[in-house]
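K.L.:
Give me coordinates for this.
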Amino acid sequence: MGKHAAIELPDETIERLEALAERTGKDPSVYVTEAVEQLLEDMEDLRLAEEATLRIQRGESEVISSEEFWRGLVD
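P.N.:
Numbering: from 1, shown residues only. Below is the predicted model:
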């Protein structure tokens with residue numbers, strides 16, 4: 001069991017969440033948890049991509065073409 005967190009959502013969002021939960025028979029917290037977890041994963045991926053972009057811009061990482069990439073896998 002996790003910790004509880006109070007969040008404030010627009011009325012329309014709450015209504016949509018409650019309607020979905022009612023249609024599926026799931027607790028609304030299931031959908032909130034899934035949404036937060038997906039957002040966190042996306043934000044973490046974005047941070048990693050931004051860091052990789054900075055390394056490329058600083059010349060710290062090499063960029064190769066897709067042809068070189070696939071050739072390296074076959075060899």
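K.L.:
Could you list every helix and strand in contact with the longest helix along the chain?
P.N.:
Using DSSP state H, we find that the single longest helix of the chain is helix 28-57. Counting contacts by 3 or more C-beta pairs under 8 Å, 6 or more residues apart in numbering; DSSP states H and E, helix 28-57 packs against helix 11-24. C-beta coordinates here come from the backbone N, C-alpha and C atoms, glycine included.
K.L.:
just the angle between the helix it packs on and helix 28-57, please?
P.N.:
120 degrees (axes from the mean of the first three to the mean of the last three C-alpha atoms, to 10 degrees).
K.L.:
Quick one: residues in contact with helix 11-24.
P.N.:
9, 26-28, 30-32 (C-beta atoms under 8 Å, 6 or more residues apart in numbering).
K.L.:
export that helix as CSV, just CAs?
P.N.:
Extracted C-alpha coordinates of helix 11-24, given in CSV (Å, rounded to 0.1, in the frame of the first residue of the first chain):
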residue,chain,number,x,y,z
ASP,A,11,-14.1,19.5,-12.2
GLU,A,12,-14.2,18.2,-15.8
THR,A,13,-11.2,16.0,-15.2
ILE,A,14,-12.8,14.6,-12.1
GLU,A,15,-16.0,13.9,-13.9
ARG,A,16,-14.2,12.1,-16.7
LEU,A,17,-12.2,10.1,-14.2
GLU,A,18,-15.3,9.1,-12.3
ALA,A,19,-17.2,8.1,-15.4
LEU,A,20,-14.3,6.0,-16.6
ALA,A,21,-14.0,4.3,-13.3
GLU,A,22,-17.7,3.6,-13.2
ARG,A,23,-17.7,2.1,-16.7
THR,A,24,-14.7,-0.1,-16.0
